[in-house]
Structures are given as structure tokens and as C-alpha cells.
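*Asks:* whatever this is, show me its structure:
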Amino acid sequence: MPKRQNRNKKNKQSNFAKLSIFQPSKYKFKKSCPLSVKDAPTIDYKNIKLLKKYMSENGKILPSRITNVSQKKQRELSLSIKRARNLALI
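*Replies:* So this is what the prediction gives:
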């Protein structure tokens, strides 16, 4: 029986390299913050309609990776939600 030759060993990819999470993304685009654009509503603890958009059904604050809110605005938002909770507005 002839021995098998190790052909194209350099060209073979490991199983991890084939997975999409380990490969660089081709389509990267910057998401804009909905609260930083022009004519955006101001974040205030009295604006219950706005605050409810950034809360789950259970009353938890949604993370910024889901809502696309910038870090600065996320801090303001969480502080306003906590104030509204404390005053029993929510």
C-alpha cells in the first residue's frame, strides 16, 4: 500500500478558522446614536414615553448594544430611569 502524501497542508484551514465569528467582518458600518442626532428628544426623568422605549417588559434597562445608544447618553438614560422609578413614575 502506498503512503498518502500530505498535500496542501499549508492551504488547509482549521475548524475554528472556518467559523464566521473568527473571521473579520466584511460589512462594518458605524451605527448612529438615536439620542445624539439633530432634533432628538432630551433625556429627562419626566419623559416617561421616551424612557419606556429603552426598558424591557420587566422594567429592566436595555443595554446599549441593543438600543445603539452612545455611552454618554446611556449613562444619562439609566440615571433618568432610576430617578423615575424612585419617584414611582414608572
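*Asks:* remind me what the helix or strand hosting A84 packs against, helices and strands.
*Replies:* Assessed by DSSP states H and E, A84 sits inside helix 71-86. Helices and strands touching helix 71-86, by 3 or more C-beta pairs under 8 Å, 6 or more residues apart in numbering; DSSP states H and E, are helix 48-53, helix 64-67. For glycine as for every other residue, the C-beta is placed from the backbone atoms N, C-alpha and C.
*Asks:* quick one, which of the ones you listed is nearest to I81?
*Replies:* I81 lies closest, by C-beta to C-beta, to one member of the helices and strands packed on helix 71-86: helix 48-53, at 5.3 Å.
*Asks:* report the buried residues of the helix holding A84.
*Replies:* K73, Q74, L77, S78, S80, I81, A84 (16 or more other C-beta atoms under 10 Å).
*Asks:* what's the closest non-adjacent residue to the fourth one?
*Replies:* Setting aside the residues directly before and after it, S78 is nearest to I61 in space (C-beta to C-beta, 6 or more residues apart in numbering), at 5.3 Å.
*Asks:* and the one you found, what does it touch?
*Replies:* By C-beta atoms under 8 Å, 6 or more residues apart in numbering, I61 lies in contact with Y54, M55, L77, S78, I81.
*Asks:* can you rerun that using 7 Å?
*Replies:* Y54, M55, S78, I81 (C-beta atoms under 7 Å, 6 or more residues apart in numbering).
*Asks:* what's the farthest-apart pair in those residues?
*Replies:* Pairwise over those, using C-beta to C-beta, the maximum falls at M55 and S78, 10.2 Å.
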